[in-house]
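> when you get a sec, could you give me coordinates for this:
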Amino acid sequence: MPTPKISLVIATYRSGEALDALVESLDRQSLPSAEWEAIFVDDGSPDDTFDRLTAFASTRPHFRVEQIENSGWPCRPRNTGMDLASGEYIGFMDHDDELFPDALRNAYAYAKAHGADALNGKEARTDDSGWSLDSLAKDMPQVLGRELPFGALTPTNPHKLYRLSFLREHGIRFREGGRVLWEDIFFNIDVLRHAEVISTLASTPYYHWRTTTGSGSTTFRRAKAEWWHWLTEVVRAIDDRLVDPKLAAERRALRDHQYRARLLESFNTYYPERSPEARKTIFEHARRLQLDHFPEEEDARLSVSNRLRAHLLRAGHPHAMDRLVRDDPFLVATATTTSQPRWADGALELEVESTWRTPSGDTPALRRSGSRVFKALPAEYHRVFEDGTLDVTDEVSRTTVEVGLRSASTSVAWLAPTDTEPWVSPDDSPRFGARGRALIDPRTAALGQPLARERWLISARCTMADHHAQPAAISPAAPAVRLSEHDGLYAASTSVEGHLVLDLAPKASSIAELLHPTGRTERVGKLVRIEVVVSEVEGTAALELPLQVRGAHFSRGAALRARLLGGHADHDNTWRTITATLTGADRTAWVEFDATDVGYLKLGLRHPEATGIYQLSPDGLLRAAHPRRTR
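Residues are numbered from 1 along each chain as shown. Just a heads-up that it's a prediction; the model follows:
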């Protein structure tokens, strides 16, 4: 047998139904099955997981199944799989995740072309629309040696490709010994320590991390000593192993992440709601870790809110911390479209505005003093913090917003080109955020590649200092429809939840709901043409759509009487669906249909300016039938 290009190692334990989806994603791989292998190592599951794996392997020659005595964590199964692997590259998967169809083919080709010791592929995460968008923003043949705000292997999970001979040469293995929290970070620290080339492939969706109930990462608890023990071990490993001056940027990025996102993030909105015992545990462990490993000069790289927390922690003031997290909560962002989205030359133009607020939706407590902006904390804090410590002018004046798109079916996310500028209100108690103007071109929005013809959820990537948020974009706007002889119909519209959605393949049954009549109609014999609002028409386009209509003599009373008497209402009294044609040319679109026995029709049910139900007169005139729309 030739050497496989890739060996995939999947550790399993009581895998449940998610295992079926994982295997389906492997079956969809565009890399021929003869060129890769999948090694499943079951960690002594007490259920039927091993039997199911054996059944999968019986019809797939490139699958191999092993079972070991339960070890309690994925480390030993992964190491066992590594010993069994024979591929040029090795990849690791969790048993409830999936690969995208071109993952193995394109990742191997890119890693091979650039001689990568490790390849970081584009990843989507079920519960995080902004996951890895910064670190996986573009293809990079070599990430090491570049001054970047993130690490070369960020996010530091094992969902990547590694050159197997490289791992074996340097004895890089997963740390065993029962539950080893963040075992993937220890592994990737050793990869960083020895790698010569690390590549990033962002243009091909590679891995879908599905966060499921009971998965390992969901059992991590800040209020437990175990959590702090392993976080301390992670920091020690970073300090002890990444000592080469060439890795200074990697070391700093990893340390900053542990300090901000894990240690100081512990003092978040949920901290006051914890029990006194839990708060005591968190404060004491966090302070010990901070004093032992994070000198005060590193606080300069923190946001103002994090610097305040770091100061109270370092000074040993737990009661002041209890108050601060209430008086100065970490802010969250909201985003709203501020103009009517429109299509131009095949691309969607839209404007968004972000606003930073407290988790309860209130305006942050700020005060203006001359040209500077400060946190407006109660007077007692001024005995602890100098006024300059509360100055947030630079932070509020450098906020940004970028428009993001996320697939409704696969969770793959992209960022659209966005021109952004901050805004700060002139009030004495100012509000702040950023405004952005974005261009979404479906032909190139996926890092130069076309977007999949599906539904995309529009969000806003909001950044303020070291805080990030990616809320869905709230949109009060009317639908923006594009009709093309090549692409059919594209629509940007507002979802039931009030969020902006880009639909590149809308269902035929929903198209009429997006169309707002202009009031102009034409009738020639039985044929009626109703002009509707569209944002752009490309070429001469035509497509069929179902249209709900009913007869001219509809009577609700007659229909009710018929039902009460056990009879049936006349055909004219019921809504029925006919086939209409949507045609467009020269930036004008029309709905055309045979108006025989048509007295009422539904158009624009999802358009805020449309009535929804219209009456058609015998001479073809259209007028609103009801002042309130019926959905």
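> what segments of this protein are helices?
Assigned helices in the chain, in chain order: 18-27, 49-58, 75-84, 103-114, 164-169, 183-194, 225-241, 248-257, 276-293, 304-315, 318-327, 393-396, 508-514, 556-564 (criterion: DSSP state H).
> pull the residues that contact the longest one.
Contact partners of helix 276-293, identified using C-beta atoms under 8 Å, 6 or more residues apart in numbering, comprise 222-225, 228, 231-232, 235-236, 239, 259, 263-264, 266-267, 271, 274, 310, 313-314, 316, 318, 321-322. The way it works is simple: take the backbone N, C-alpha and C, and place the C-beta from them, glycine included.
> pLDDT of stretch 21-30, averaged?
Across stretch 21-30, pLDDT averages out at 98.
> wait, Arg368 touches Ser425, no?
No: using C-beta atoms under 8 Å, Arg368 is not in contact with Ser425; the gap is 9.3 Å.
> how near is the closest residue in space to Leu514 that isn't next to it in sequence to Glu35?
Leaving aside its chain neighbours, Leu514 sits nearest to Pro479 (4.2 Å; criterion: C-beta to C-beta, 6 or more residues apart in numbering). Distance, Pro479 to Glu35, by C-beta to C-beta, to the nearest Å: 46 Å.
> what about those two, which has more around it?
Higher neighbour count among Pro479 and Glu35: Pro479, with 27 against 18, using other C-beta atoms under 10 Å.
> show me the shaky parts of the stretch 151-300 of the chain.
Along the stretch 151-300 of the chain, segments meeting pLDDT under 70 span 212-218.
> quickly list the domain ranges of this structure.
6-220, 257-330, 333-357+398-500, 507-624 (automatic domain parsing).
> looking at those domains, spot the one closest to Val243.
Closest of those to Val243 is domain 6-220, at 8.7 Å (criterion: C-beta to C-beta).
> ok, Ala113 - how many residues close by?
Neighbours of Ala113 using other C-beta under 10 Å come to 10.
> mind listing what it touches?
Counting by C-beta under 8 Å, 6+ apart, Ala113 makes contact with Pro141.
> tell me the pLDDT of it.
Listed pLDDT for Ala113 reads 98.
> ok so, going back, contact partners for the residue nearest to Leu514?
By C-beta under 8 Å, 6+ apart, the neighbours of Pro479 are 491-494, 514, 516, 606-607.
> highest neighbour count among those residues?
Ala492 (29 neighbours).
> thought that residue was touching Val501?
Yes: here Ala492 reaches Val501: they are 7.2 Å apart, a contact under C-beta under 8 Å.
> intersection of neighbour lists for those two?
By C-beta under 8 Å, 6+ apart, Ala492 and Val501 have these common neighbours: Ile458.
> nearest approach to Asp391 belongs to which of the domains of the chain?
Nearest to Asp391, of all the domains of the chain, is domain 257-330, at 7.4 Å by C-beta to C-beta.
> distance from that closest one to the middle of the chain?
28 Å (C-alpha atoms, centre = their mean, to the nearest Å).
> now swap in stretch 525-543 and tell me
On the basis of C-alpha atoms, centre = their mean, stretch 525-543 sits 36 Å off its chain's mean C-alpha point.
> partners of Tyr490 in the sheet?
The partner list for Tyr490 in beta bridges (DSSP bridges) reads Arg482.
> I meant Arg576, not that one.
Note on Arg576: beta-bridge partners Val549, judged by DSSP bridges.
> next one, pLDDT for the closest residue to Glu265 other than its chain neighbours please.
In this structure, Glu265 finds its nearest non-sequential neighbour in Phe330, 8.0 Å apart by C-beta to C-beta, 6+ apart. Listed pLDDT for Phe330 reads 96.
> quick one, phi/psi of Val496?
The phi/psi pair for Val496 (degrees, to the nearest 10) reads phi -60, psi -30.
> what about it, neighbour count?
8.
> ditto for Gln29
Gln29: 20 surrounding residues under other C-beta under 10 Å.
> can you tell me which residue is nearest the centre of this protein?
Ser129 (1.4 Å; C-alpha atoms, centre = their mean).
> ok, that residue to Arg606 distance?
23 Å.
> over to Ala438?
Distance from Ala438 to Arg606, by C-beta to C-beta: 22 Å.
> okay, the domains of the chain in CSV with distance to Val392 next?
Shown next, in CSV, are the domains of the chain (distance: least, C-beta to C-beta, whole Å):
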stretch, distance to Val392
domain 6-220, 20
domain 257-330, 5
domain 333-357+398-500, 8
domain 507-624, 37
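> quick one, which of those domains is nearest to Leu390?
Among the domains of the chain, the nearest to Leu390 by C-beta to C-beta is domain 257-330 (7.0 Å).
> kindly check the end-to-end length of the closest one for me.
With C-alpha to C-alpha, to the nearest Å applied, domain 257-330 spans 16 Å between its terminal residues.
> and stretch 513-525, what's buried?
Buried residues in stretch 513-525, counting neighbours by 16 or more other C-beta atoms under 10 Å, are found at 513-517, 521, 523.
> same list as before, the residues you listed that is, but in CSV and with distance to Leu545 included.
CSV is the format used below for the buried residues of stretch 513-525 (distance: C-beta to C-beta, whole Å):
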residue, distance to Leu545
Glu513, 10
Leu514, 10
Leu515, 9
His516, 15
Pro517, 14
Thr521, 17
Arg523, 19
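> out of those, which sit inside strands?
517, 521, 523 (DSSP state E).
> contact partners for the residue nearest to Phe374 when sequence neighbours are not counted?
In space, and not counting its chain neighbours, Phe374 is closest to Leu390: 4.6 Å by C-beta to C-beta, 6+ apart. Counting by C-beta under 8 Å, 6+ apart, Leu390 touches 304, 308, 374-375, 377, 381.
> same thing with Arg241?
Arg241 is in contact with 189-190, 193, counting by C-beta under 8 Å, 6+ apart.
> same thing with Asn70?
Per C-beta under 8 Å, 6+ apart, neighbours of Asn70: 13, 43-45.
> now do the same for it: its pLDDT.
Value listed for Asn70 in the pLDDT field: 97.
> from Asn79, how far out is it?
In terms of C-beta to C-beta, Asn70 sits 15 Å off from Asn79.
> how about Ala477?
Taken as C-beta to C-beta, the span from Ala477 to Asn79 is 54 Å.
> now do Ala18
23 Å.
> which of those two has more residues huddled nearby?
The neighbour comparison of Ala18 against Asn79 (other C-beta under 10 Å) goes to Asn79, with 19 against 16.
> next one, pLDDT for the more buried one please.
98.
> residue contacts, it?
Neighbouring residues of Asn79 by C-beta under 8 Å, 6+ apart: 173-174, 176.
> just the closest of the residues you listed to Ser535, please.
When those are ranked by distance to Ser535 (C-beta to C-beta), Phe174 comes first, at 52.9 Å.
> quick check: closest non-adjacent residue to the closest one.
Spatial nearest neighbour of Phe174, chain neighbours left out: Cys75 (3.9 Å); criterion: C-beta to C-beta, 6+ apart.
> check what pLDDT Gly567 gets.
Value for Gly567, per-residue pLDDT: 45.
> apologies, that question was intended for Gly539.
For Gly539, pLDDT reads 92.
> residue contacts, the closest residue in space to it that isn't next to it in sequence?
Closest residue to Gly539 apart from its sequence neighbours, by C-beta to C-beta, 6+ apart: Glu485 at 3.6 Å. By C-beta under 8 Å, 6+ apart, the residues touching Glu485 are 538-542.
> please list only the buried members of the residues you listed.
Applying 16+ other C-beta under 10 Å to the contacts of Glu485 flags 538, 541 as buried.
> mind putting the contacts of Glu485 into TSV with distance to Phe92?
Formatted as TSV, the contacts of Glu485 follow (distance: C-beta to C-beta, whole Å):
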residue	distance to Phe92
Glu538	45
Gly539	48
Thr540	52
Ala541	47
Ala542	50
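> Leu622: which of the contacts of Glu485 is nearest?
Ranked by distance to Leu622 (C-beta to C-beta), the contacts of Glu485 are led by Ala542 at 21.0 Å.
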